[in-house]
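> A predicted structure for the sequence below; I have some questions about it.
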Amino acid sequence: MNRILGRCIKALGLGAFAIGATMVGAAPAAAQAYPSRPVTIVVPFAAGGDADQSARNLSVTASALLGQPVVVMNRPGANGAIGSQVAKDASPDGYTLLLARVGSQVLLPAIQDSGLAYKWNDFTFIGLLELNPVVCVVHPESKFKTLADLAAELQAHPGKLNYSASGPATVQNLAPQLLLQSLNLKPNGAVNVNYKGGNEAALAVISKEVDFSCNNLSSMAGQVAGGKLRALVTTTPERLKQFPDVPTAREAGFPKLEAVIGWSALYGPPKMPPEIVKKWAGVLKSAFTDARWISANATYGGIPRVLTPEETAKYVSENFSAYQSLAKSAGIKMQ
């Protein structure tokens, strides 16, 4: 009897060990199962703009790498705050992410004193995707052939010209304001006309609704290449490869404009699991060497620059401090 009982206890012990070993092995397997359903990337701006194009480009590459659909959801409004808030309030399970932009994630927190329900660092940083050069443009029939021509008109007739932007908390507004500041003009030295997104801001110049725009190249590369817009200057330190005839801000005599450059990044809600962040960081690293992603990026004027989560946090922190200082000196403020 004792011998039989001993055998039973031994068998139970081995069974318990086997169950325990299975459970220990199940934890990594569960983590590796992500994603088991479609992932949504929230774009806080309208469809067709540079943010939207960036998200859709990433979604194609990410879907192939993850084996699950990655869908884009546009939630425009309030200078990008509405979509950003949607992503921040989502479950941190990795199934709702944010296509972060410099305007909604850095400029808006830097200039809005109240009413904004998130701070620049209220998200999980996953990785920087690309830089978006800013180019100041006019209609091809405009009398302004150079930035100096535009500057001379602004000085001669303050308040007469107007420019398009997609809100005060955007590089499309900051660049003209820095231009006005460089000319010792007040913020109302040119009239700001707001549109829903970068694409609409570019079309406003084409339709002659406004006199000029300093917009992300990704919203205008096709129109500049097709002759529908004339580029006067780029904010990059070096001339753009696809538009070598466009002078840099420094060459044009306005080096302050170099401080204005857009970017796209991938964020998640606060407190995302490290293993999911690591998985997406791997996706971005793979995208950086993916010929299709790089080629598509070039079509809308993006310059690939993928950073790790840690590098992204550092980059955005420095960006926030710089833009906060620039906005303050330019007198840009929202209540």
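Thanks, I have it.
> quick one: low-confidence parts of the stretch 201-335 of the chain?
Flagging of the stretch 201-335 of the chain using pLDDT under 70 yields the residue ranges 334-335.
> assess the claim that Leu284 and Tyr267 are in contact.
No. The pair Leu284 and Tyr267 fails to qualify as a contact (Cβ atoms under 8 Å) at a distance of 11.9 Å. C-betas here are computed from N, CA, C, even on glycine.
> return every residue with contacts to both of the two.
Ile126 (Cβ atoms under 8 Å, 6 or more residues apart in numbering).
> pLDDT score for Ala46?
If you check Ala46, the pLDDT there is 87.
> double-check that Asn57 belongs to a helix.
Yes. Counting by DSSP: H, G, I helix; E, B strand; the rest coil, Asn57 is found in a helix.
> give the contact list for it.
By Cβ under 8 Å, 6+ apart, the residues touching Asn57 are 293, 296-297, 300.
> now those as JSON lines including distance to Pro140 and neighbour count?
Shown next, in JSON lines, are these (distance: Cβ to Cβ, whole Å; neighbours: other Cβ atoms under 10 Å):
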{"residue": "Trp293", "distance to Pro140": "31", "neighbour count": "24"}
{"residue": "Ala296", "distance to Pro140": "26", "neighbour count": "18"}
{"residue": "Asn297", "distance to Pro140": "26", "neighbour count": "23"}
{"residue": "Tyr300", "distance to Pro140": "20", "neighbour count": "22"}
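> now those residues in CSV, with distance to Pro69 and secondary structure?
Shown next, in CSV, are the contacts of Asn57 (distance: Cβ to Cβ, whole Å; DSSP: H, G, I helix; E, B strand; the rest coil):
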residue, distance to Pro69, secondary structure
Trp293, 17, helix
Ala296, 18, helix
Asn297, 21, helix
Tyr300, 22, coil
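> burial count for Asn188?
Using other Cβ atoms under 10 Å, Asn188 has 10 other residues around it.
> for Phe243, same thing?
Count around Phe243 with other Cβ under 10 Å applied: 16.
> also Met73?
When neighbours are defined as other Cβ under 10 Å, Met73 has 15 of them.
> go through whichever strand or helix holds it and flag the buried ones.
Under the criterion of DSSP states H and E, Met73 resides in strand 70-74. Applying a neighbour-count criterion of 16 or more other Cβ atoms under 10 Å, one finds 70, 72, 74 buried in strand 70-74.
> and those, which is closest to Val277?
Val70 (15.8 Å; Cβ to Cβ).
> so what's that closest one up against?
By Cβ under 8 Å, 6+ apart, the contact list for Val70 reads 38-41, 58-59, 62-63.
> ok, it to Pro35 distance?
Noted for Val70: a distance of 8 Å to Pro35, by Cβ to Cβ, to the nearest Å.
> now Gly226
To Pro35, Gly226 is 39 Å away according to Cβ to Cβ.
> neighbour count winner among those two?
When Gly226 and Pro35 are compared for neighbours, Pro35 comes out ahead with 18 against 9, by other Cβ under 10 Å.
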